[in-house]
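Chemist: The following comprises the amino acid sequence and a computationally predicted model.
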Amino acid sequence: DIKRNCDIHVDTDNAFTTGRSRLELVLNSNPKVGSNGCNWLKSALLGQLSSLSMVECNIGNDGVSALLEAAKAGGGCSGLVTLDLSSNHIGSKGAAALSAALAVENGTALLASLRELRLSENG
């Protein structure tokens with residue numbers, strides 16, 4: 001059951017000045033999400049998020065790969081500013097994948113708008 005500690009916040013206050021609402025998805029403390037659960041975060045949803053928090057969701061390296069594949073399929077995460085993947089058993093492979101997603105390639109980066117990446121208590 002992926003229910004506990006789940007929140008969706010929509011901030012429409014900035015919609016008039018920025019032209020878009022901010023959508024924040026919080027899935028914290030849901031270890032059953034795992035790497036397979038990352039697959040349901042489809043590219044369409046990722047493209048609309050300004051913040052994604054998946055603390056203690058047991059996603060590991062495979063979950064990072066699934067998230068980044070969904071982002072690639074949707075053309076990137078142009079609005080994602082904050083990503084919190086703390087306490088998820090992410091090792092060097094997942095960290096390297098995130099690093100590559102932050103690197104500028106062909107004039108842009110997959111996670112170009114990201115300003116805050118939290119990876120504490122992984123490894």
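Modeler: Alright, I've got the coordinates.

Chemist: Would you map the helices across the chain?
Modeler: In the chain, the helices defined using DSSP state H lie at 15-18, 34-38, 43-46, 60-73, 92-102.

Chemist: Reformat the ones you listed as CSV; add mean neighbour count.
Modeler: Any C-beta I mention is one placed from the backbone N, CA and C, and that applies to glycine too. Formatted as CSV, the helices of the chain follow (neighbours: other Cβ atoms under 10 Å):
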stretch, mean neighbour count
helix 15-18, 9
helix 34-38, 18
helix 43-46, 16
helix 60-73, 19
helix 92-102, 16
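
Chemist: would you list the ones you listed in TSV and tack on distance to Gly123 and mean pLDDT?
Modeler: Formatted as TSV, the helices of the chain follow (distance: least, Cβ to Cβ, whole Å; pLDDT from 0 to 100):
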stretch	distance to Gly123	mean pLDDT
helix 15-18	36	46
helix 34-38	16	86
helix 43-46	25	71
helix 60-73	11	92
helix 92-102	8	96
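
Chemist: my guess is Leu67 meets Trp40, correct?
Modeler: No: contact criterion Cβ atoms under 8 Å: Leu67 and Trp40 do not qualify, at 10.9 Å.

Chemist: Would you format the helices of the chain as a markdown table with distance to Leu117 included?
Modeler: As requested, the helices of the chain are exported to a markdown table (distance: least, Cβ to Cβ, whole Å):
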| stretch | distance to Leu117 |
| --- | --- |
| helix 15-18 | 22 |
| helix 34-38 | 16 |
| helix 43-46 | 15 |
| helix 60-73 | 11 |
| helix 92-102 | 7 |
